[in-house]
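Q: this is a predicted model, with the sequence first.
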Amino acid sequence: MATTLITAPAAMLTPTGQPALSDWSLTGDKIHLNHGSYGAVPRAAQEHQLALKARMDANPCTWFMGQAAALAGTRAEVADYLRVDADDLALVPNASAGVSVVYNSLTFPNGAQIVTTDHTYGAVLEGAHRVARECNGEVRIAVVPLDADAALSCELVMEQVTERTALIVIDQITSATARSFPVTEIARAAKELGIPVLVDGAHAPGALADPVPDFEGFWVGNLHKFACAPRGTAAVVARGPLREQLHPLIDSWGFPHAFPESFDHVGTQDITSWMAAKTSFDTIENRYGWDAVRSYSSALADYGQATIQDAFAAVTGEDATADVGMPVGHLRLVRLPRGLAATHEESHSVRAWISDTLNIETAITTFGGAGYLRLSSHVYNTAGDFEDFAERAVPELFRLAHNR
């Protein structure tokens with residue numbers, strides 16, 4: 001089959017000419033092609049967080065008595081990075097926690113419906129089913145083809161809306177299928193019907209220059225993925241009258257306050273991951289530039305996808321292209337050989353096998369009964385990482401598929 005001619009971008013270097021990977025502490029005995037799941041924290045942010053922990057443990061009483069004020073300042077830093085108003089943003093441990101905040105805070109009438117899609121993250125979908133059970137309602141799922149464009153995606157979502165719809169939950173960037181959804185258009189259509197919208201932007205911060213869409217409703221996003229903040233850092237942004245209903249997952253001393261100040265009181269929780277987040281943002285901006293990182297990651301993802309697709313085609317004789325309707329800059333899908341990772345459980349076992357056997361960290365996903373390799377690229381990745389996967393992993397995955 002014909003090869004895809006895409007030129008590999010030159011590897012990004014530190015200001016002193018070292019490989020960008022030197023700014024991270026990732027182990028050298030693995031190739032890391034799964035930044036999209038758990039991120040990777042720059043050394044500078046790790047060191048800052050350790051220093052903050054030392055301050056906390058040197059005098060816990062002073063530290064925790066000043067914690068709410070420290071979180072308010074950190075909230076302003078995160079809001080600045082996300083380009084939103086600090087009064088619209090609260091800090092939460094992860095995007096799933098932000099989704100739970102919305103689920104647990106809103107009032108759902110008896111028989112309420114929640115509309116979402118078949119691309120929705122599993123934990124978010126399970127939460128929607130829980131809410132539906134509690135209110136004797138149901139979850140209506142729009143079936144959206146992988147190759148659907150913005151217009152069709154919006155149409156299929158809105159077709160599931162009825163007079164009983166109490167909330168629409170939509171991914172900004174999907175986890176399993178590495179595609180985006182037209183969240184602004186869906187939010188606009190929903191507002192005309194008076195239906196609130198929750199946007200799951202778990203993968204958006206850092207990956208998009210303006211990660212929070214301009215709409216009235218709820219948005220949640222992780223800071224530990226493309227934005228490289230320490231784990232346990234995420235944000236929920238709320239605009240419009242329903243924001244006043246939001247309350248933290250844990251009752252604490254923020255009860256006299258409204259959103260978002262009520263979220264600044266988290267008891268004895270370790271807040272150093274949030275406080276060190278700005279160091280991650282600034283490290284990448286000052287040493288590489290966020291726009292340059294996004295451009296590089298997109299070009300490298302193009303090259304990596306083409307290289308691995310061609311390698312699969314060479315050994316299988318079949319096209320490995322995944323036709324994604326609204327692709328994302330740093331994330332790409334490659335179709336795996338037939339029968340490999342056809343279920344969610346199998347995808348985990350294939351991922352573990354690649355890690356244990358080939359020393360390559362990847363993401364293996366399943367959608368519509370087909371298995372996919374989800375590629376992630378960041379500033380520390382190089383063309384050689386993807387070439388290595390094509391050379392070593394592709395033939396082994398072909399053999400694995402045919403030995404099952």
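A: Perfect, I can see it now. Residues are numbered from 1 along each chain as shown.
Q: residue 382 reaches residue 11, doesn't it?
A: Yes: checked against C-beta atoms under 8 Å, the pair residue 382 and residue 11 is within contact range at 4.4 Å. Where you see a C-beta, it was placed from the backbone N, CA and C, and this is true even at glycine.
Q: more crowded one of the two?
A: residue 382 (21 against 17; other C-beta atoms under 10 Å).
Q: ok so, going back, any common contacting residues for residue 382 and residue 11?
A: Common neighbours of residue 382 and residue 11 (criterion: C-beta atoms under 8 Å, 6 or more residues apart in numbering): residue 19.
Q: list the contacts of the nearest residue to residue 363 once chain neighbours are set aside.
A: Using C-beta to C-beta, 6 or more residues apart in numbering and skipping residues adjacent in sequence, the residue nearest residue 363 is residue 374, 4.1 Å away. Residues counted as contacts of residue 374 (C-beta under 8 Å, 6+ apart) are 34, 36, 176, 178, 331, 332, 333, 362, 363, 364, 365.
Q: same thing but 7 Å
A: 36, 178, 331, 333, 363, 365 (C-beta atoms under 7 Å, 6 or more residues apart in numbering).
Q: between all of the residues you listed, which two are separated the most?
A: 36 and 333 (11.4 Å; C-beta to C-beta).
Q: ok, how many other residues are close to residue 30?
A: 13.
Q: excluding its backbone neighbours, what's nearest it?
A: residue 359 (5.1 Å).
Q: what's the neighbour count on residue 263?
A: So residue 263, with other C-beta under 10 Å, has 26 neighbours.
Q: which stretches of the stretch 301-404 of the chain form strands?
A: 331-335, 360-361, 363-367, 370-376 (DSSP state E, counting those that start in this stretch).
Q: among those strands, which is nearest residue 135?
A: strand 363-367 (28.9 Å).
Q: report the strands that pair with that closest one, each with its relative direction.
A: strand 370-376 (antiparallel) (DSSP bridges).
Q: give me the angle between the strand it pairs with and strand 331-335.
A: Put simply, strand 370-376 runs at 150 degrees to strand 331-335, going by axes from the mean of the first three to the mean of the last three C-alpha atoms, to 10 degrees.
Q: more crowded one of residue 36 and residue 333?
A: Per other C-beta under 10 Å, whichever of residue 36 and residue 333 has more neighbours is residue 333, with 27 against 23.
Q: can you tell me how far the more buried one sits from residue 304?
A: 11 Å (C-beta to C-beta, to the nearest Å).
Q: for residue 211, same thing?
A: Taking C-beta to C-beta, one finds residue 211 at 23 Å from residue 304.
Q: of the two, who's got more company?
A: Taking residue 211 and residue 304 together and counting by other C-beta under 10 Å, residue 304 has the greater number of neighbours (27 against 24).
Q: correct me, but the more buried one touches residue 377?
A: Yes: with contacts counted by C-beta atoms under 7 Å, residue 304 reaches residue 377, the gap being 6.3 Å.
Q: quick check: residue 142 vs residue 293, distance?
A: According to C-beta to C-beta, residue 142 and residue 293 sit 33 Å apart.
Q: please disregard the earlier target; I meant residue 174.
A: 22 Å.
Q: cool, residue 197 as well?
A: The value you get for residue 197 to residue 293, if C-beta to C-beta is used, is 29 Å.
Q: mean confidence for the helix or strand containing residue 279?
A: If you go by DSSP states H and E, residue 279 is part of helix 277-287. For helix 277-287, the mean pLDDT works out to 98.
Q: residues of that helix that come out buried?
A: 277, 278, 279, 280, 281, 282, 283, 284, 287 (16 or more other C-beta atoms under 10 Å).
Q: and stretch 140-157, by the same measure?
A: 140, 141, 142, 144, 146, 148, 150, 153, 154, 155, 156, 157.
Q: run through the residues that contact the residue nearest to the spatial centre of the chain.
A: Note on the chain: the residue nearest the mean C-alpha position is residue 203, at 2.3 Å, using C-alpha atoms, centre = their mean. Applying C-beta under 7 Å, 6+ apart, we find residue 203 in contact with 36, 173, 175, 225, 226.
Q: just put those in JSON lines and tack on pLDDT, distance to residue 184 and secondary structure.
A: Below are those laid out as JSON lines (pLDDT from 0 to 100; distance: C-beta to C-beta, whole Å; DSSP: H, G, I helix; E, B strand; the rest coil):
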{"residue": "36", "pLDDT": "95", "distance to residue 184": "23", "secondary structure": "helix"}
{"residue": "173", "pLDDT": "98", "distance to residue 184": "14", "secondary structure": "strand"}
{"residue": "175", "pLDDT": "96", "distance to residue 184": "20", "secondary structure": "coil"}
{"residue": "225", "pLDDT": "98", "distance to residue 184": "21", "secondary structure": "coil"}
{"residue": "226", "pLDDT": "98", "distance to residue 184": "20", "secondary structure": "coil"}
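Q: which of those residues has the most neighbours?
A: residue 226 (31 neighbours).
Q: for the residue nearest to that residue when sequence neighbours are not counted, grab the count of nearby residues.
A: Distance criterion C-beta to C-beta, 6+ apart; nearest residue to residue 226, sequence neighbours excluded, is residue 206 at 3.6 Å. Neighbour count for residue 206, taken as other C-beta under 10 Å: 28.
Q: touching, residue 206 and residue 224? I think so.
A: No: in this structure residue 206 lies outside contact range of residue 224 using C-beta under 7 Å: 9.8 Å.
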